[in-house]
Each structure stands twice: as C-alpha cells, then as structure tokens.
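> the following block contains a protein sequence and its predicted model.
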Amino acid sequence: MTAQTPSKEQQLLRQTVVGSRRASNYLSAAVITIGGIGFLLAGISSYLKVNLLPFSDPTRLVFIPQGIAMGFYGGVGTLFAIYLWLTILWDIGGGYNEFDRATGQVKIFRWGFPGKNRQIEVICKTEDVQAVRVDLREGINPKRALYLRVKGLRDLPLTRVGQPLALSTLENQGADLARFLGVPLEGL
C-alpha cells in the first residue's frame, strides 16, 4: 500500500494498494512457466522419440510410466502458469483506498476476477467509520494488516495481501489514517 501522509488542510487521502502485480508473482510465474513447459516437452519427447529439449535427451525415457508422468506434471504446471499470468494481467487485488473529507465518503476499490462482479467497491460515509484496527499475528504465518471498522459492515481490509508490512510502517499508516479520519486506532 502506497500511503500519503495527510496534512491538516488536505481533504482527500488516496492510498494505492498493490495487487498481484508484484515482483515475486512475476518471478513465480516465470519459473513455473519454464518448468511446466520443460516437463511437458519431456513427456512429448518420450512419446514421439524426438528430442524437443536442447539441454537433455528425454527420448531415452520410457513413455509409460516416466514420460506420461512428466507430461502430466508439465500439463498441470503449464495450466497453473497460465492462471498466474492471468491474475497478473487482471491485477487481482489491486486498487485503492480513498478517504474524502469534502464529500464525507470512504471508497474502497479492488479488482477481482473477470465476470459479473469484476470490480469490488465499498462506499460508506466517514461518519460511519468507528475505528482503524491493526491486526498483528506473529508465528509461522505472520499477519500484519490494517482494517477499517465501519458501522453495519464487517471490518474492511486496507492493506495488500501477501508479504506482511514492516511493523513501523503499519503503525505509521494506521496512526496517520486514524488522525485523518478523527477515529481511534485499535489493536496496538
């Protein structure tokens, strides 16, 4: 989440939320694509007895069971790579948080999967915001996130999914937002 520090006279605070277009996702998709296509070509090479890979000779593999297993893993890996590239293309989870004191509105916007509800948008009044909540969980699967507690709604997530934010960054963003909205900061 790219945050701005609000000033006293500022009426609009807009925070950009990074979705699936992160460097780690690009790297994962590239590695899985190379691996999936490599395994798929190895399986096809073992069936056709024609070497389709420049760095090894999978024609010596027995098609059943080795070649068919390589082809299966390659097919699954390639399908998974296609899924990852599509989520990057569609920027799933990306969007913004917008807090406007002039209009008295809070707008949380995220991109979802294509279809009927591709855009996920929650709009509420700033007077309905009860608090900014910090969620801290350490351990094997740590979680550090900011939530907006809104009257009549469940807590709305404000931070990106994935790698947890640094504790100092999370505290500063939460404090700045709570100060901007004039609500308490909970969870610290």
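Noted; the coordinates are in hand.
> what ranges does the chain have for its helices?
Here the chain has its helices, by DSSP state H, at 23-48, 68-90, 167-181.
> rank those by pLDDT, which is bottom?
When the helices of the chain are compared by mean pLDDT, helix 167-181 comes last with a mean of 88.
> who's in contact with the residue nearest to L146 when sequence neighbours are not counted?
In space, and not counting its chain neighbours, L146 is closest to L158: 4.3 Å by Cβ to Cβ, 6 or more residues apart in numbering. To be clear about C-beta, it is placed using only N, CA and C from the backbone, and glycine gets the same treatment. Residues in contact with L158 (Cβ atoms under 8 Å, 6 or more residues apart in numbering) are 1, 15, 17, 97, 108, 132, 145-148, 177.
> circling back to that earlier point, switch the helices of the chain over to JSON lines; also include mean neighbour count and distance to R60.
Formatted as JSON lines, these follow (neighbours: other Cβ atoms under 10 Å; distance: least, Cβ to Cβ, whole Å):
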{"stretch": "helix 23-48", "mean neighbour count": "17", "distance to R60": "8"}
{"stretch": "helix 68-90", "mean neighbour count": "16", "distance to R60": "12"}
{"stretch": "helix 167-181", "mean neighbour count": "18", "distance to R60": "54"}
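> what's the closest of those helices to K125?
Among the helices of the chain, the nearest to K125 by Cβ to Cβ is helix 167-181 (11.2 Å).
> which other helices and strands does that closest one contact?
strand 12-17, strand 95-100, strand 129-137, strand 143-150, strand 185-186 (3 or more Cβ pairs under 8 Å, 6 or more residues apart in numbering; DSSP states H and E).
> can you add mean neighbour count, mean pLDDT and distance to Q119 and give the ones you listed back as a markdown table?
Listed next are those as a markdown table, based on neighbours: other Cβ atoms under 10 Å; pLDDT from 0 to 100; distance: least, Cβ to Cβ, whole Å:
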| stretch | mean neighbour count | mean pLDDT | distance to Q119 |
| --- | --- | --- | --- |
| strand 12-17 | 17 | 90 | 14 |
| strand 95-100 | 19 | 93 | 9 |
| strand 129-137 | 18 | 89 | 22 |
| strand 143-150 | 20 | 89 | 19 |
| strand 185-186 | 16 | 88 | 29 |
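> then stretch 146-157 to PDB, C-alphas only?
Once non-C-alpha atoms are left out, stretch 146-157 reads as follows in PDB (Å, rounded to 0.1, in the frame of the first residue of the first chain):
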ATOM      1  CA  LEU A 146      -4.900  -2.600   8.700                       C
ATOM      2  CA  TYR A 147      -8.700  -2.800   8.800                       C
ATOM      3  CA  LEU A 148     -11.400  -0.100   8.800                       C
ATOM      4  CA  ARG A 149     -14.200  -0.700  11.300                       C
ATOM      5  CA  VAL A 150     -17.400   0.600   9.800                       C
ATOM      6  CA  LYS A 151     -20.800   0.600  11.400                       C
ATOM      7  CA  GLY A 152     -23.100  -2.000   9.900                       C
ATOM      8  CA  LEU A 153     -20.300  -3.700   7.900                       C
ATOM      9  CA  ARG A 154     -17.600  -6.200   8.800                       C
ATOM     10  CA  ASP A 155     -14.100  -4.900   9.100                       C
ATOM     11  CA  LEU A 156     -12.800  -3.800   5.700                       C
ATOM     12  CA  PRO A 157      -9.100  -4.700   4.800                       C
END
